[in-house]
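J.: Provided below for reference: sequence and predicted model.
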Protein chains: 4
Amino acid sequence: MAATAATREAPAREGRAFPPPPATARPIDRAAWLSAYRHVRAETERRAAPLSPEDQQIQSMADASPTKWHRAHTTWFFEQFLLREHLPGYAIHDERWHYLFNSYYVAAGPRQPRIARGLITRPDAEEVTAYRRHVDRAVETLLGQAAPAALELVLPILEIGLYHEQQHQELILTDILHAFAQNPLGAVYDPGWRFPKPHGRGGAAELDRAIVQVGHAGEGFSFDNEHPRHDALILPCTIDRALVTNGQWQAFMRDGGYARADLWLSDGWIAAQEQGWEAPGYWRRDDAGWTVMTLAGCRPVEPDLPVTHISYYEADAYARWAGRDLPSEAEWEVAAGAGQLDDAFGLVWQWTRSAYTAYPGYRPLPGALGEYNGKFMANQFVLRGSSVATPEGHARLPYRNFFYPHQRWQFTGLRLAHQRA
Amino acid sequence: MAATAATREAPAREGRAFPPPPATARPIDRAAWLSAYRHVRAETERRAAPLSPEDQQIQSMADASPTKWHRAHTTWFFEQFLLREHLPGYAIHDERWHYLFNSYYVAAGPRQPRIARGLITRPDAEEVTAYRRHVDRAVETLLGQAAPAALELVLPILEIGLYHEQQHQELILTDILHAFAQNPLGAVYDPGWRFPKPHGRGGAAELDRAIVQVGHAGEGFSFDNEHPRHDALILPCTIDRALVTNGQWQAFMRDGGYARADLWLSDGWIAAQEQGWEAPGYWRRDDAGWTVMTLAGCRPVEPDLPVTHISYYEADAYARWAGRDLPSEAEWEVAAGAGQLDDAFGLVWQWTRSAYTAYPGYRPLPGALGEYNGKFMANQFVLRGSSVATPEGHARLPYRNFFYPHQRWQFTGLRLAHQRA
Amino acid sequence: MAATAATREAPAREGRAFPPPPATARPIDRAAWLSAYRHVRAETERRAAPLSPEDQQIQSMADASPTKWHRAHTTWFFEQFLLREHLPGYAIHDERWHYLFNSYYVAAGPRQPRIARGLITRPDAEEVTAYRRHVDRAVETLLGQAAPAALELVLPILEIGLYHEQQHQELILTDILHAFAQNPLGAVYDPGWRFPKPHGRGGAAELDRAIVQVGHAGEGFSFDNEHPRHDALILPCTIDRALVTNGQWQAFMRDGGYARADLWLSDGWIAAQEQGWEAPGYWRRDDAGWTVMTLAGCRPVEPDLPVTHISYYEADAYARWAGRDLPSEAEWEVAAGAGQLDDAFGLVWQWTRSAYTAYPGYRPLPGALGEYNGKFMANQFVLRGSSVATPEGHARLPYRNFFYPHQRWQFTGLRLAHQRA
Amino acid sequence: MAATAATREAPAREGRAFPPPPATARPIDRAAWLSAYRHVRAETERRAAPLSPEDQQIQSMADASPTKWHRAHTTWFFEQFLLREHLPGYAIHDERWHYLFNSYYVAAGPRQPRIARGLITRPDAEEVTAYRRHVDRAVETLLGQAAPAALELVLPILEIGLYHEQQHQELILTDILHAFAQNPLGAVYDPGWRFPKPHGRGGAAELDRAIVQVGHAGEGFSFDNEHPRHDALILPCTIDRALVTNGQWQAFMRDGGYARADLWLSDGWIAAQEQGWEAPGYWRRDDAGWTVMTLAGCRPVEPDLPVTHISYYEADAYARWAGRDLPSEAEWEVAAGAGQLDDAFGLVWQWTRSAYTAYPGYRPLPGALGEYNGKFMANQFVLRGSSVATPEGHARLPYRNFFYPHQRWQFTGLRLAHQRA
C-alpha cells in the first residue's frame, strides 16, 4: 500500500459541539465557539460528577493530580492566558490561586510543587466550582462582546485552552483510576463503564517505500510539536491492522515474558524488577484467574479486548518476543491516514518505537505557552491514536502523545509491525 | 525540697464527665461510664467539626494521619477490642474496614500502610460518621445491658479505649495544623484559637537527694508503661519553675544557636542541616519579624508564650547553650508532684533528658493491646506534662509521652534544670 | 553539498598494528592478528601503568568502574566468549572470577552488582596481571595453532573482543579522571597530558536534500547497532565545521545559560538544579578564574579548546540559546563522510539530537553478545566521532556511541547545525 | 550479692607495655610512656600487616572506614592535638592532609565526608607509613626532650591518643571483616584466627538492692563519659554469669525468633524486614548448615561459642523471647566489678538495656576533644565489657561503649538478666 490520501482526522466533524471551527475560519462563528466552550467545560464537570469531595482531593502518585486540581488548573489556564490579557476589566478570581494552579509553566511564575498538589484542601471542591463559574462567565462575555479584531487574537488561545482542557479530561479518568486502585477495598467510578470492543478485522497493512509528508496540514487545530510538516522516508514495512489483545498478552506471560531478561531493554528490566511487574497495570491474580481494576471496579480480564496499561518497556519486550517491532510514528501516521488500521482511535494509545523528539526545524511557540510540548523532548516515546478516555472530537491523525517508557497508568497498548526486506 | 506527697493528678475530678470512675470502683456506676463515653466521643466530633471533607482526607506526612482516619480508627478500636468479643450478636459494621483502620497492631492482622492512609477516599467522611454512630449505639447497649460480671471485663477495655481516643484528639489538632501549614495560602482551623498565657512565677524548685517512688499508684487509669511503680534515686538538682519562652528562644537564635555545631548532638546537627532548621517549627520570618503558623492561622510570635514545636535536638542544644540540662523524668515527676512547677500541664509537653525505656521489671499487656507502648522503647525520648491540645481530664502526673528526637509537629517545649554538686 | 563518497573511516590503516585485517579477509594473516591482539592488550596496560594498586581499586560512582576491574573484565571477555568454547583443553584461570568480572551479560550468568565493583580487593592488581598473562598465552596459542576452519569462527569473536577492550581503554581514562576529581587534594594521572588543539577552519558544511545511505558498509569491523545500512532522507541543513569552544561556552554562561529555565529541557533543568550545574564538568572557579580538572591535574580553562564534559542537556540548552540545533546522526555521518567537518575525530565525542534507537530492521547478535548494544536502546542519545581518550585505530565513521543525557564524565562536546528552509 | 569492692580493672597491669602509668603519676616515667606509645603504634601496624594496598583502600559501608584511613587518622590525632601545639618547631607532615584525616571534629575544621573516605587513593599506603614514621619521630622527640612542666600538659593528650588509637585498632578488624564479607569469593585476614572459647561456669549472679557508685574512680585513664562517678540505685536482680551462645541463639531461630513481630521493638522489626535479617550478621546457610564469615574466612557456626554480630534489636528480641531482660549498665558494672560475670571481657561486647545518655552532671571536655563522646548521646545503647578485637590493656570496668541499635558489624553479643520481685 502506498501512502494515499485518506481520512486525515479520526472523526469527522458533523453536528457536534466539538471541535469548533478552525480559529482562522472567517467570518467568526461566535455561536459555534461559545457552544464548543460550553461543551468542553461541561464535559469536565460531567467527568468529575461521580466523585466525592474526598475523591477529588487526593493525589495518589507524583504523575497523577487530584480531580479538583484538574478542574482548577484548566480554569486557571483560561484566566492566565486569555482573560488576564484580553478581557478589559476582568477581575482575577483570587490572585493567590495563581500559585496553586499553575502546572509547569516556569515562565508564568512559581507554583505549588507537583508532588504536593494533593495537600491543598482549601479551596475546596465547591470553591473550585465557583471559580469555574466565574471564569466561564468572563469567557462568555469575552466571546460575546469582543470586537472581531480582538477575537482574532483571542480565538487561538481559546482553542488551545479547549484542547488543553480535553487533555486533562483524559487525565481525570486515568488519575482517579490510579487513586481508586490504591484503595484495598476497591472503588467504582461508574458501575456501567465498559471497555469498548475492538473492530479488528485482522490482517496487515503493507507500506511501500515512499517519501511521505507527516505532521499537521490544513487549517484545523494542531499542537506545535506536529510542526513543521515535513517529508519523511518510509521503508517497506508491514503493520498489523489489529491491536494486541489481552489473550495474546497472556500467551506472552505464559511463555515467561516477564521473567526473561533477554526480551527486555536494560532499563526496562530494571524497572520491571523494581516494580515487581508480572502483568499489565492493575491486573491482579485471584483464585478465579486474572482480574483488572477498571473504572467499573475489579472485573475479569477479557481475552478479546486490547491489552492496556502497559509501559513502553513491556510493549517493546512483547514485540521482541513476537519477533516483530513497534511501528514508527511516521509508519503509523501513513497507515492510519490511509484507513489501513483498525481501532487506530478510541481504544488505547499505541506505543510507537519513535523517541519523542523535535520534527526537523521545530521551534516552540513564543512565551509561556512554548513550554507546552517542546521542553519534554527527551526520554519519552511517542504514542499515536487515542484511547477510550480521550474526549470526543479531540483525536487527530498527526497528534503526538508522549510518555516516559516506564509509565503505564494511561490507557496504553500496542500494535505490531516489521520491516520488509 | 524533698519529694513529698502532693496532687498526684494534674486536675482534680469534680463535676466533670471525664475521667470516669476507676474501672475497679464498685458498685459500677453505669451512668458515669456512659457519660464519660459520650463525652469523649463527642469531643472527637467537636474537634473535627470545623474541617471539610477535603480537610479530613489528607495526610501531610508519614507521621500524621487524616482526621477521617483518626475518627474511624478510634471507632475501630472499640469495635475490635470491645464489641467483637464482648457484645453478643454485635454486627461488625464492615469487615473490610478492619484492614483500613487498624493502626499498628500487628497481632490484630494486616493493615493499610501508614504512609497510604491519605489515599482512602472511600468510605468518606459521612460514612465514617455513620460508623461512629453504629459503634456508639452498640457500646451504649453493652454498657446498659451487660451483667455486672461481664462489665468487670469490659470496663478496663472501655477505659483504655477512651484514653486512646483522647490521644487521637490531640493528634487531630497537631496533624491538621501540619497539613494546613503545607498550604501556601495558609488555612485557619479556628479563628478564635489562642495559645494560653503561662502562669509562671519564675524561680526554681530544689530537689534534695532522696529515694522516691515513681510510676503510677492507686486505682485510677494508667498505661502499662507507667508500671511497675518503683524506687528511684534522685540526686540534688534544681528545676526551673517556668517554661522556656519564645523570647528566650530568640536570644538563643540571635546568639547563633542554629549555626553552632558545638551546641548540638551529632544526630541533631545532621537533622538540623538536612531540614534547614533556623527556628522552631512553623516559624516564618517576614518583613515585620517572626510569625508562626497556629490553629488560628499565621500570627506574630509572642515573646512571653512558651516556645513550642521544638524537637528534642533543639531542646538539648538550647540547654547546652544555657549551661543547663533538661530534667530527668523522675526529677520532673517529683517536682511536679510536689506542686513546684508552673504550667506543668496544659501548655506544652516538656522534653526530659530520659530516653524512653522500660521501667525495671516492666512487662507489656498480653495480646494485641500489649503493642500499645512497649514496642516503641528505643530511639525516643520521654516528654512529661500535657499540652494545649490535650483533652481535659486526660493528663496525669505519671504519664509518659514519647516522641523521636527529630519530631516537632507536636506542641513540645521545655524547662531547664541542672544537677547541684 | 550533496552526500558523496568520501573517507568512510576516520583514520586510514597503514603501517599500524591496529585495526587488524577484516575478519573475513583471506588468506588469514595470523601475524597481523597476533600483532593487533598484542597491541591492544599492551595499550590497556600502558594506560594502567601510572596507577597505584590503590588507584586501580576504587569506583568513584556507579557509572564508573575500577581500573583493575576494566583490566580483568576485558580479559574475562576473551576467556568467556573465545577460549572457553574455542580452545580445546583451555584451563579456566579461576572459575569463581566469572562472577566478579562479567559486566552486564545476563545470559552469561549472575554477576557482581555494578555498584559494588570497587569492593573486590582480592584478586589484587598483581593477580589481575597474572590473569591477563594467562589469557594472553592462551589466545596466542589459539591464534597460532587453530586450523583455518576453526579460525574462521574465532576471528569475529577475537575482533569484537579487541574493539571491546578499546572501549574500556577509553573508560580507564574517563573513570580515573572522575575518581581523581573526588580527591580534594587533586591527583595527577600524567603531568605531561595536554588536550590537543583543534584544527578548526570555521565556516559551515551545507547539506542538500538527499536520500543517503547510513550505517556500516564494507568488510571492516562494525558493531551490530550500525546495521542494517539503510536509506535515510536528509533535509537541507547547515553544520558548523568547528566544535564549540570553551570561550563560546563561557559566553553562554555569562548570558545566564545555567540560570534560564526557558533554555532547558524539563528533565535537563531538573538535573541541573539537583546537581548544581553552573559550568561544564570538572570546572571550578577560583580567584584567578575558571580551572578544570584534567588528566594532568587542575589547569586553567583554555578558551580555544573545545568544550568537553558536558551533558546532552547542556548541549541542547546551548543550541537553543544559540538559536541553532544539534545535527542528527545521519547529518553528521554524511557531512563527516564528505570530509566537511573539522575535528570530527580525536577531540570530543559530539552529541547529536538523535535518540539512540534501532536502525530499521535491526536485530541484535544471537546469544550473550546480543546484549552488547541493543538492550540500551532507550533513554540515551547518540554521540558521533571519537575523543582524545579513544584509542588509535578505534574510531570509524558509522560508529554510534551513546550515553544518557545527564552523563558528563566522558569527553563529550558538541557542534551546531540548523535546518535550512 | 551486694556490690562490693572488686577488681576495678579487667586485666591487671604487670610487665606489660600498656597501659602506661596514670598521667598524674609522679615522677613521670618517660621510659614507660615511650614504651606504651611504641607498643600501641606497633600494634596498629601489626593489624594492618596482612592487608594489601587494595585491602587497605576500601570502605565497604558508611559505618566502616578504610584501614589506610584508620592508620592515618590516628596519626593525625597526635599531630593535631599534641604536636601542633606542644612540640616547638614541629613541621606538619602535609597541611593538606588535615582535611583528609580529621574524622568528625567539627571544631577542628572541615573534613572529607565520611562516606567518601574510600575515594582517597593518594596518599597511598606507603605514604601513610611515612606519615606515621614522621609523627612517631616527633612524638618520641617530645617525650624525650620536653621539660617536666610541659610533659604534664602533654601526657593527658598522649594518653587519650593512645586509647583512641586502640579504639581504631578494634575497628581495623571489624571494618576489614565487613569489607571481606562483601567479596563473593570470601577473603581471609588470618587463616589461624579463632574465636576464643568462653570460660562460662553457668549460674547467675544475684544483686541485692543497694545504692552503689558507678563511673570511673581513681587515677587511671578514663573517658569523659564515665564521669561523674555517682550514686546509682540497684534494684534486686539476677544476671547470668554466661554469655548467650550460638547454640542458644539457634533455638531462638528455630522457634521463629526472626519471624514473630511480637518479640521485636517496632523500629527493630522494620530494620529486620528491610535488611532481611534471618540470623546474626555474617551467618550464611549452606547445605551443611550454618556458616559464619570470620577473620579466618568462612567457618562452621560453633554452638558453644558466644553469639556475636547481633544488633541491639536482636538482643532485645532474644531477651523477650526468653522471658528475660538485658542488664542495665549499672547492674553490669556492679556484677562484673564483683567478679560475678564470666567472660565479661575479651569475647564480645555486651548490649545493655541502658540508652547511652549522660551521667548526671556530665560535662564534656573543653575544645575539640569535647566532641569525643558527648555529642553521640542520643539514639544509641551502651555496651559493656570488651571483645576479641579489643587490644590488650584497653578494657576497663567503667568503660562505656555505644552503638546504634541496628548496627551489628562489631563483635557484639549479650547476657541475660531479670528483675527480682
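T.: Looks like it came in fine. Numbers count the residues shown, from 1 in each chain, chains lettered A, B, ... in the order given.
J.: what pLDDT does the residue of the stretch 151-300 of chain A found nearest chain D get?
T.: With C-beta to the nearest C-beta as the measure, residue A:274 is the residue of the stretch 151-300 of chain A nearest to chain D, at 15.4 Å. Quick note: C-beta positions are derived from backbone N, CA and C, even for glycine. Looking at residue A:274, its pLDDT stands at 97.
J.: burial count for it?
T.: Using other C-beta atoms under 10 Å in any protein chain shown, residue A:274 has 9 other residues around it.
J.: what are the phi and psi angles of it?
T.: Backbone dihedrals for residue A:274, given as degrees, to the nearest 10, come out at phi -60, psi -40.
J.: and it, how far from chain C?
T.: Separation of residue A:274 from chain C (C-beta to the nearest C-beta, to the nearest Å) stands at 14 Å.
J.: interface residues of the stretch 1-150 of chain A facing chain C?
T.: By the rule C-beta under 8 Å from any C-beta of the partner chain, the part of the stretch 1-150 of chain A lying against chain C is A:104, A:106, A:107.
J.: would you show me how to pick out the buried ones of those residues in ChimeraX?
T.: With 16 or more other C-beta atoms under 10 Å in any protein chain shown as the burial test, the buried ones among the residues of the stretch 1-150 of chain A next to chain C are selected in ChimeraX as follows:
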select /A:106
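J.: would you list every one of the helices in chain A?
T.: According to DSSP state H, chain A carries its helices in the segments A:30-48, A:53-57, A:67-78, A:84-86, A:97-101, A:125-145, A:148-181, A:246-254, A:266-275, A:312-321, A:329-337.
J.: for the closest residue in space to residue A:231 that isn't next to it in sequence, grab the count of nearby residues.
T.: Residue nearest to residue A:231 in three dimensions, not counting chain neighbours: residue A:211, with 5.2 Å by C-beta to C-beta, 6 or more residues apart in numbering or on different chains. For residue A:211, the tally of surrounding residues (other C-beta under 10 Å) stands at 11.
J.: the one 3 residues further on now?
T.: For residue A:214, the tally of surrounding residues (other C-beta under 10 Å) stands at 24.
J.: my read: it touches residue A:230, true?
T.: Yes. If you go by C-beta atoms under 8 Å, residue A:214 and residue A:230 touch, sitting 6.7 Å apart.
J.: residue numbers of the stretch 101-250 of chain A in contact with chain B?
T.: So the stretch 101-250 of chain A meets chain B at A:112, A:116, A:118-122, A:124-125, A:179-180, A:182-185, A:187 (C-beta under 8 Å from any C-beta).
J.: try 10 Å
T.: With C-beta under 10 Å from any C-beta of the partner chain as the criterion, the stretch 101-250 of chain A comes near chain B at residues A:110-113, A:116, A:118-127, A:176, A:178-188.
J.: roughly how far apart are the residue of chain A most remote from its centre and residue A:142?
T.: Computed with C-alpha atoms, centre = their mean, the residue of chain A farthest from its C-alpha average is residue A:89, at 34.8 Å. Residue A:89 sits 11 Å away from residue A:142, going by C-beta to C-beta, to the nearest Å.
J.: then residue A:128?
T.: Relative to residue A:142, residue A:128 is positioned 21 Å away (C-beta to C-beta).
J.: quick one: contacts for the residue of the stretch 1-150 of chain A found nearest chain D?
T.: Nearest to chain D, among the residues of the stretch 1-150 of chain A, is residue A:61, at 21.8 Å (C-beta to the nearest C-beta). With contact taken as C-beta atoms under 10 Å, 6 or more residues apart in numbering or on different chains, residue A:61 is in contact with A:115, A:118, A:175, A:178, A:179, A:182, A:409, B:119.
J.: repeat that for residue A:58.
T.: A:64-68, A:117-119, A:175-176, A:179-180, A:182-183, B:54, B:57-59, B:66, B:118-121.
J.: what's the pLDDT at the nearest residue to it once chain neighbours are set aside?
T.: Using C-beta to C-beta, 6+ apart and skipping the chain neighbours, the partner closest in space to residue A:58 is residue A:118 (5.2 Å). If you check residue A:118, the pLDDT there is 95.
J.: for whatever residue of the stretch 151-300 of chain A ends up closest to chain B, what are its contacts?
T.: Sorted by distance to chain B under C-beta to the nearest C-beta, the residues of the stretch 151-300 of chain A start with residue A:182, at 4.4 Å. Counting by C-beta under 10 Å, 6+ apart, residue A:182 makes contact with A:58, A:60, A:61, A:293, B:112, B:113, B:116, B:118, B:119, B:120, B:121.
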